[in-house]
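no sequence on this one, just coordinates:
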C-alpha cells in the first residue's frame with residue numbers, strides 16, 4: 001500500500017489535539033465529527049498506516065490510528081480490492097515487529113487487526129506459521145510476547161466473529177481452520193515455550209494465552225502436559241500470580257461436567273490442596289491480593305465440583321475446609337464474597353435427600369460458618385474517641401459494608417437450611433446471652449461497652465427471620481424477652497426493632513409475646529434517632545399485617561397513636577404506619593368497617609386539604625408534594641380495606657370512597673400542572689376500581705368524567721393509566737356488568753383516544769414519551785376486550801399513524817409499548833390473534849378471527865404499512881435501543897405473515913432510500929434474493945432472521961446516523977378529528 005506524506009495526516013493530528021485540549025465545545029464537536037467521518041472514509045487506510053509508521057508521532061495519535069485500522073478491517077474491508085489484502089497483511093506484520101516492545105495498547109490493537117484480517121482473508125491458510133516466523137524469529141522476549149499476544153486475541157476475535165461480515169457457513173469453516181485445526185499445534189508451541197527459559201514458564205502472556213485457547217484445546221490435554229506444572233508453579237511467582245489464578249479458574253470451569261472430567265479432577269485436586277498452607281501465609285503477612293486469589297481458586301473449584309463434593313464428602317472435605325479457612329482468615333472482608341455462590345450451591349446440593357450423608361458430614365462446617373459470618377457482621381471498632389463515625393467519614397465504605405452484611409445474611413439463611421433454624425438461632429442467642437452476662441451490667445444510657453458484639457447477633461437474627469417457622473418453640477421464647485430489654489444505643493435499638501419486625505408471623509401464633517414487643521416498638525417512635533423511628537414504622541407495618549386479628553379490638557386506641565405520630569414521620573414511614581393500621585381496620589366486622597375507615601381516613605383528608613390550601617399560593621413544591629403524600633396514604637387504606645360483601649349489598653368501603661371522590665376530584669382540578677399530585681390521585685382512583693371491582697359501579701359516571709376532563713386539561717398519561725383499569729374491569733363479558741355499561745365504557749375509551757390524538761397533533765412525540773407509553777398500553781387492553789369495536793372504528797387509522805410517529809422516539813419504554821401494540825394489532829390480520837382466554841386451550845379450540853376484522857387490518861396495513869416498515873427498519877438501523885430489537889423484529893414478522901409480497905417491496909424501497917455508500921455493493925440485492933427464496937418456501941420466520949442480520953450489520957458499520965437521511969426522515973403526525 002502506498003505511503004502518504006506527513007501533510008496527509010496533519011488534519012487528523014490537529015483534530016485529535018483539539019479533542020484533548022481546553023477549547024470551546026463547538027470546536028470539540030467539529031473535531032469529533034471530522035474524526036468520525038475520517039474513520040469511515042476510504043482514505044483512512046493509507047493515513048492510519050502512515051501515522052503508525054511515522055517515528056516522530058506521539059503515542060496517542062498512533063493508538064487512535066491502530067483503533068481506526070481495527071474498525072476498518074472489521075467493517076470496511078470491502079473498500080479494498082481483494083488483491084490488496086496481502087499487502088495490508090504484510091504492512092501489519094511490519095508494524096507488529098516495530099511495536100513488539102510496545103507501547104502495549106498499540107501492540108494489542110495491531111494483534112486484533114491481524115486476527116480480524118486472518119478471519120476474513122479466507123485464502124490465507126498458514127496464519128500461525130507466517131505470524132510465528134515473522135514475529136518470533138528475532139529471538140527476543142518482546143518478539144515472543146508479541147506472538148503470544150496474537151495467539152491470545154485470535155480465539156477471542158473468532159468467537160466474536162458475528163460482527164464480521166461473513167456468512168454463517170464461511171464463519172464456521174474459518175473457525176475450524178483457525179482454531180480447531182490448530183489446537184494441537186498451539187499446545188505444542190506453548191509447551192515448548194514454557195520450557196525454553198527459566199522466566200518463560202511464569203510469563204503472564206503465556207498464561208493468558210493458555211486461558212484463551214482453552215476454548216479449543218481439551219482441558220485434559222493441558223492438565224496432562226508439562227504446561228500444567230508451569231501454571232501451578234506460576235502461582236508462587238508474584239508477577240504471574242494473577243494471570244495464573246485466571247488460567248487455573250478457566251481450567252476449573254472446563255471440569256464442571258464432573259462425570260466426564262473425573263480423571264482430570266483427580267490430577268488437579270491434589271495440586272489445588274497443596275496450596276492450602278498459602279492461605280494462612282497470605283493472611284499472616286496481610287497479603288490481601290494473594291488471599292483473594294486463593295479464595296477465588298478454592299471457591300470456583302467448589303462451585304464447579306459441588307456435585308462431586310456431595311457424592312464423595314470424605315474425599316473432598318479438604319476443599320471445603322480450605323474455603324472455610326479463607327472465610328475465617330479474611331479479616332478485611334475483601335475476599336469472602338467470592339465464596340457466597342459456593343455456599344449457596346453447596347446448600348442446594350446437600351439438602352437433597354440423596355446427599356443426606358454429605359449433609360451430616362458437613363454439619364460441623366456449616367456450624368463454624370455461622371460463627372464466622374456473625375463475627376464478620378460486626379461493625380468495626382472506632383480507632384479514636386468518636387464512636388459515631390465508624391468509617392472515618394468514608395460513606396462509600398460504610399454503604400459497601402451495609403450491603404455486604406445483607407449478602408452474609410443470605411449465607412446464614414443457607415446454613416439454616418442445612419443445620420436447622422433452631423441451631424443457627426441458638427448460636428445468635430448464645431452470643432446475646434454471653435454479652436448480657438459479661439457487659440450488660442456496665443451498660444448506661446450514654447455508653448454501651450462492646451456494643452458491636454451484641455449488634456451482630458441481633459442482625460443475624462433479623463437476617464434469619466424469614467427461615468423461622470411460626471411453630472418454632474425453643475429459641476424465640478427465650479430470646480424475644482431479651483431483645484425488648486436491649487440497652488438504648490442507636491444501632492442496637494435499630495437492629496432490635498428490625499429483628500422483631502421479622503418475627504411478627506411467629507408472634508401471631510404466640511399472642512402472649514405481642515404486648516411487650518408492641519410496647520417496645522411504639523416507644524421507639526419517640527426516639528431521638530430518625531433511623532430508629534423509621535425502623536419502628538417498618539416494624540409496626542409488619543405487626544399490623546401479621547397480627548391484625550390480635551389487634552382488631554385495639555383499633556380505637558390505635559387511632560390516637562396514629563394521629564399523634566403521623567405528622568412527626570417522613571413520608572415513607574407515614575406509608576408504613578398507615579399500612580399497619582389499615583390492615584387492622586381490614587380485620588374489623590363488616591358493620592364496623594365504614595366507621596373505622598372514615599375515622600382514620602378523615603384525619604388524613606383534613607391534613608391533605610389544609611396542605612392543599614397552602615400549596616395553592618406556595619411558590620415552592622414542598623406543599624404540593626405533601627398533598628401528594630397524603631393522597632398516597634388514602635390509596636393505602638383503599639388497597640388494604642377490602643371487605644367481602646355480596647354483590648347485592650352495599651360495600652361499606654365503596655360508600656366511603658363515594659364521599660371522598662369529590663374531594664379528590666377538586667384536588668385534581670386545582671393542581672393540573674403538578675405531576676406528583678395527579679399521578680397519586682389517578683393511582684388512588686385506579687385502586688378504587690382494582691380493590692372493589694364491579695362494586696364501584698355507582699362511582700363510575702363521576703369517575704369516568706373526571707378521568708376524561710383531567711386528561712384533556714393536564715395532558716398527563718396517568719389518566720390513561722387509570723382509564724385502563726376501568727376498561728379491564730368493566731369489559732365485555734365481565735361478571736355483573738350489563739351490555740349498556742360495556743358500551744358506555746367503550747365510548748369513554750374512544751373519548752380518551754380522540755383526546756390523545758389531538759395532543760399528538762399539537763406536540764411532537766419527543767415531548768410526550770410518558771403519555772405515549774400509557775396510551776399504547778391502554779390500547780393493548782382495548783384490543784383484547786373491544787377489538788370488534790376498535791378495529792373498524794374511525795379512530796383506528798389515526799392511531800396507526802400515531803404509532804408510526806411514536807416510533808421516531810429513542811426511549812425504550814414508550815417504544816416497547818408501541819411495538820407491543822403493533823404486534824397485537826397486526827395479529828388481528830390473521831385467523832388467530834394474540835389475545836386469548838382461559839377457555840381456549842389450543843388453536844383448535846379458539847374461535848376464528850372474523851374475516852371482516854382481518855380485512856380491516858389488511859386495509860389499514862395497505863394504507864400505512866410502507867411508512868411502518870420504514871420506521872421499523874430505520875429504527876433498528878439507527879435509533880432504537882438494543883432492548884427494542886426483538887419487539888421490532890416481531891412487528892416485521894407480523895407484517896410478513898399478513899401481507900408478505902407488499903412488505904417485501906416496502907423493504908426493498910426502504911433499502912434503496914438509505915444514504916449512498918452506507919450499503920455494501922450487492923448487499924441489498926443479496927438480501928432481497930434471500931428473502932424471496934424464504935417467502936417462496938413458506939419460511940416467513942427466517943425472513944425475520946435475515947432482516948435482523950442486515951440491520952445489525954448496517955448499524956455496526958454506521959454507529960451513528962450519517963448526514964443525508966433524506967426521505968427516510970419522519971414526517972410530523974397530523975390529526976384533524
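Noted; the coordinates are in hand. Keep in mind that this is a model prediction, so the values were computed, not measured.

Next, residue 773: phi, psi?
Dihedral angles phi and psi of residue 773 (degrees, to the nearest 10) take the values phi -60, psi -50.

Pull up the per-residue confidence for it.
At residue 773, the model reports a pLDDT of 95.

which residues sit in contact with it?
Counting by CB atoms under 8 Å, 6 or more residues apart in numbering, residue 773 touches 717, 813-814, 816-817. Using the backbone N, CA and C atoms, a C-beta is placed for each residue, glycine as well.

Counting neighbours, what do you get for the nearest residue to it once chain neighbours are set aside?
Counting by CB to CB, 6 or more residues apart in numbering, residue 814 is the residue found nearest to residue 773 once chain neighbours are left out, at 4.1 Å. Close neighbours of residue 814, defined as other CB atoms under 10 Å, add up to 24.

Just to check, residue 814 is in contact with residue 769?
Yes: judged on CB atoms under 8 Å, residue 814 makes contact with residue 769 at a distance of 4.6 Å.

ranges for the helices of the stretch 801-950 of the chain?
Assigned by DSSP state H, counting those that start in this stretch, the stretch 801-950 of the chain shows helices spanning 812-827, 851-874, 885-898, 900-912, 923-936, 940-957.

Out of those helices, which one sits most buried?
When you average the neighbours per residue for each of the helices of the stretch 801-950 of the chain (mean count of other CB atoms under 10 Å), helix 812-827 leads with a mean of 22.

ok so, going back, of the contacts of residue 773, just say which sits nearest to residue 319.
Distances from residue 319 to those, taken as CB to CB, are shortest for residue 816 (46.2 Å).

Now do stretch 657-673, average pLDDT.
Predicted confidence along stretch 657-673 averages 94 (mean pLDDT).

list the buried ones in that stretch?
Going by neighbour count (16 or more other CB atoms under 10 Å), the buried part of stretch 657-673 is 657-658, 660-661, 664-665, 667-668, 671.

same check, this time on stretch 466-480
467-468, 472, 475-476, 479-480.

How about stretch 151-168?
Counting neighbours by 16+ other CB under 10 Å, the buried set in stretch 151-168 is 151-155, 157-158, 161, 164-166.

which residues sit against it?
Under the contact criterion CB under 8 Å, 6+ apart, stretch 151-168 has outside partners 74-75, 77-78, 108, 111-112, 115-116, 118-120, 127-128, 171, 174-175, 178-179, 186, 189-190, 205, 208-209, 211-213, 215-216, 920, 953, 956.

ok, residue 527 - contacts?
Residue 527 makes contact with 493, 533, 536 under the criterion CB under 8 Å, 6+ apart.

show me the contacts for residue 244.
202, 207, 231-232, 234-235, 237.

Now secondary structure and pLDDT too, for those residues, in a markdown table please.
As requested, the contacts of residue 244 are exported to a markdown table (DSSP: H, G, I helix; E, B strand; the rest coil; pLDDT from 0 to 100):
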| residue | secondary structure | pLDDT |
| --- | --- | --- |
| 202 | helix | 87 |
| 207 | helix | 94 |
| 231 | helix | 94 |
| 232 | helix | 94 |
| 234 | helix | 93 |
| 235 | coil | 94 |
| 237 | coil | 91 |
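
can you pick the most crowded of these?
These, ranked by neighbours (other CB under 10 Å): first place residue 207, 30 neighbours.

returning to what we had before: quick check: the farthest pair among the contacts of residue 773?
Taking CB to CB, no two of the contacts of residue 773 sit farther apart than 717 and 816, at 14.6 Å.

measure the closest residue to residue 256 other than its chain neighbours to residue 250 for me?
Closest residue in space to residue 256, ignoring its immediate chain neighbours: residue 304 at 4.1 Å, by CB to CB, 6+ apart. When distances are taken as CB to CB, to the nearest Å, residue 304 and residue 250 turn out to be 11 Å apart.

Could you do residue 157 as well?
Computed with CB to CB, the distance linking residue 157 and residue 250 is 18 Å.

count of residues packed around residue 401?
By other CB under 10 Å, the residues close to residue 401 number 16.

measure it to residue 435 for me?
Counting by CB to CB, the gap from residue 401 to residue 435 is 21 Å.

now residue 421
With distances defined as CB to CB, the gap from residue 421 to residue 435 amounts to 21 Å.

Same check on residue 69?
Taking CB to CB as the measure, residue 69 and residue 435 are separated by 66 Å.

For the two, indicate the residue with more neighbours.
Counted by other CB under 10 Å, residue 69 and residue 435 do not tie: residue 69 has more neighbours, with 28 against 23.

which stretch of helix or strand covers that one?
Assigned by DSSP states H and E, residue 69 belongs to helix 59-75.

Which residues are in contact with residue 215?
Contacts for residue 215 (CB under 8 Å, 6+ apart) come out as 155, 159, 179.

where's the dip in pLDDT among those?
Lowest model confidence among the contacts of residue 215 falls on residue 159, which carries 81.

Could I get the buried residue list for stretch 198-210?
Of the residues in stretch 198-210, 200-210 count as buried by neighbour count, 16+ other CB under 10 Å.

what does that stretch contact?
The list of residues contacting stretch 198-210 from outside it, by CB under 8 Å, 6+ apart, reads 144-145, 148-149, 151-152, 190, 193-195, 222, 227, 229-231, 233-234, 237, 239-240, 242-244, 246-247, 250.

let's see it at 6 Å
With CB atoms under 6 Å, 6 or more residues apart in numbering as the test, stretch 198-210 has contacts from 145, 148, 151-152, 193-194, 230, 234, 237, 240, 243-244, 247.

Check stretch 701-710 too.
The contact list for stretch 701-710 (CB under 6 Å, 6+ apart) reads 665, 668, 719, 722-723, 748, 751.

If we use 10 Å, what do you get?
657-658, 661-662, 664-666, 668-669, 672, 678, 681-682, 685-686, 688-689, 696-697, 699, 716, 718-723, 725-726, 730, 744-745, 747-749, 751-752, 755 (CB atoms under 10 Å, 6 or more residues apart in numbering).

separation between the nearest residue to residue 656 once chain neighbours are set aside and residue 498?
For residue 656, the nearest residue in space outside its immediate sequence neighbours is residue 597; the separation is 4.9 Å by CB to CB, 6+ apart. Between residue 597 and residue 498 the distance, using CB to CB, works out to 30 Å.

Flag the least confident of the buried residues of stretch 466-480.
On the confidence scale, these reach their minimum at residue 472, with 88.

Fine by me, thanks again.
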